[in-house]
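**Student:** my questions concern the predicted model and sequence given below.
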Amino acid sequence: MNIAVRLLWNSAVPKMAIEEARLTKYKLFIYRDAGGNYDLNGVDYEILRRKGERGFLTPLFSYLTSLYASHRGKDATIDLDLIVHATRIIKGFTLFHDQFAGITGYLRKIFYDEDYAIYLHETSLTIKGLKYLLPRQLEKKILDHSKVIITNSYWNKQVLEEKGYKSEVIYPGCYPANKISYNRDKIVLSVSTWDSGRKPELYGEIAKKINGKFIMAGSWARKDTMDDFIARYGKYVEVTGKVSEEKLIELYSKASVLVRFGFNERGPGMGVLEAMGYGVPVVVNEGLGSKELIKQGENGYVVKDENEAIDRINQILENPYQLSKNAWETAKSLSWENHSKKLIEILHNY
């Protein structure tokens, strides 16, 4: 049994693949190291393209990727040469993280009649327009031939059902703290892999009106996007850029509230789960899959807009104790251990 992920960079997808491989003991195949700072001790892994290496066709693939996701930067390049090359390396039943890595599984199914599974983080099936015809058709082929489809939220499951696909839901996991501090700083935290599509300016506007310090943690897909944001909002927001796991844990341990907005982002958002694991109440909007984890007024709030977010954030800053305790309790059921047990159960049942 194997797990495959296209990129090793600082985002939820490779983190999930790594923790799954660590706990299941399945072999992990990483197509390209794009500079993620992860602890791979105890993980059986193989990297097909090391950091800084390029293929002959990399410039072409970077250009093609930019036609669909220019805001994600060159590190997000879909390396079609590696996807095809992996069909000669990865053998046996494999869980592929995302539909593009799943091309490898599809090719092995066609040529070797070998079954595979897909973990679908986001789907292109709902995106309209001629431009997205090829990604939609490609995703359909991969889903049609997959033995099992796993996804990260019931929102995504519903979308897939509407398109005719049965799927299983396994939320991403976290490592809940053994104990948490209730002596919190008035820090409002937001954690993500930042790009223009996640509308960082929204957080800058929120930061102007909260009664605490606002910190935006995490890598930025493009330096110019980060620089523009700092020039505009640096007075109100501390921008950390890429952070180590140790620093992230320190921030989670101190923060009083985490805020995260999504814009038809049906996945839960890894930062939301991790924050709850350290007792941080969360404020999310209706456009993020994390809304499924929120019990209104108990471990956080689901809000309609920026103004309601500001009100709820300031409310939590005044007294985060009970919400903090409840957020921690929620996270305990969403541990990586529970995630991996459910993953093994589903894969073996198929």
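**Tutor:** Received, thanks.
**Student:** quick one, helices of the stretch 251-350 of the chain?
**Tutor:** Remark: helices assigned in the stretch 251-350 of the chain by DSSP state H, counting those that start in this stretch are 270-277, 306-318, 321-332, 336-349.
**Student:** and of the ones you listed, who's closest to Ala76?
**Tutor:** For the helices of the stretch 251-350 of the chain, the distance to Ala76 is smallest for helix 270-277, at 16.7 Å, taking Cβ to Cβ. Where C-beta positions appear, they are placed from N, C-alpha and C, glycine not excepted.
**Student:** name the residues that touch the closest one?
**Tutor:** By Cβ atoms under 8 Å, 6 or more residues apart in numbering, the surrounding residues in contact with helix 270-277 are 11-12, 15-16, 171-177, 189-192, 217-218, 248, 252, 255, 258, 260, 282, 284, 288, 290, 293, 299-300, 327-328, 330-331, 334.
**Student:** still on that earlier bit, now the helices of the stretch 251-350 of the chain in JSON lines, with distance to Ser196 and mean pLDDT?
**Tutor:** JSON lines is the format used below for the helices of the stretch 251-350 of the chain (distance: least, Cβ to Cβ, whole Å; pLDDT from 0 to 100):
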{"stretch": "helix 270-277", "distance to Ser196": "18", "mean pLDDT": "96"}
{"stretch": "helix 306-318", "distance to Ser196": "17", "mean pLDDT": "97"}
{"stretch": "helix 321-332", "distance to Ser196": "29", "mean pLDDT": "96"}
{"stretch": "helix 336-349", "distance to Ser196": "30", "mean pLDDT": "96"}
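**Student:** can you lay out these as a markdown table showing distance to Arg232?
**Tutor:** Listed next are the helices of the stretch 251-350 of the chain as a markdown table, based on distance: least, Cβ to Cβ, whole Å:
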| stretch | distance to Arg232 |
| --- | --- |
| helix 270-277 | 22 |
| helix 306-318 | 16 |
| helix 321-332 | 31 |
| helix 336-349 | 37 |
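**Student:** of those helices, which stretch is the most buried?
**Tutor:** With neighbours defined as mean count of other Cβ atoms under 10 Å, those peak in mean count at helix 270-277, which reaches a mean of 27.
**Student:** run the angle between it and helix 336-349 for me.
**Tutor:** Counting by axes from the mean of the first three to the mean of the last three Cα atoms, to 10 degrees, helix 270-277 lies at 130 degrees to helix 336-349.
**Student:** quick one: contacts for the nearest residue to Val303 once chain neighbours are set aside?
**Tutor:** Spatially, and ignoring its direct neighbours in sequence, Val303 is nearest to Ala309 (4.7 Å; Cβ to Cβ, 6 or more residues apart in numbering). Counting by Cβ under 8 Å, 6+ apart, Ala309 touches Ile206, Val259, Phe261, Val283, Asn285, Val303.
**Student:** so which of those is surrounded by the most neighbours?
**Tutor:** Highest neighbour count within these: Val259, with 32 neighbours (other Cβ atoms under 10 Å).
**Student:** what's the separation between the closest residue to it other than its chain neighbours and Ser290?
**Tutor:** Spatial nearest neighbour of Val259, chain neighbours left out: Val283 (4.6 Å); criterion: Cβ to Cβ, 6+ apart. Using Cβ to Cβ, to the nearest Å, Val283 is found at 10 Å from Ser290.
**Student:** pull up the overlap in contacts between the two.
**Tutor:** Residues touching both Val283 and Ser290 by Cβ under 8 Å, 6+ apart: Arg260.
**Student:** that older thread, so which of the contacts of helix 270-277 sit within strands?
**Tutor:** Leu189, Ser190, Val191, Ala217, Leu258, Arg260, Val282, Val284, Gly300 (DSSP state E).
**Student:** check these and tell me the two furthest apart.
**Tutor:** Using Cβ to Cβ, the ones in strands among the contacts of helix 270-277 span at most 18.0 Å, a distance reached by Ala217 and Gly300.
**Student:** list the contacts for Thr240?
**Tutor:** Shown in contact with Thr240 (Cβ under 8 Å, 6+ apart): Ile215, Met216, Ala217, Gly218, Lys247, Leu251.
**Student:** Thr104: which of the contacts of Ala309 is nearest?
**Tutor:** Nearest to Thr104 among those: Phe261, at 33.3 Å, using Cβ to Cβ.
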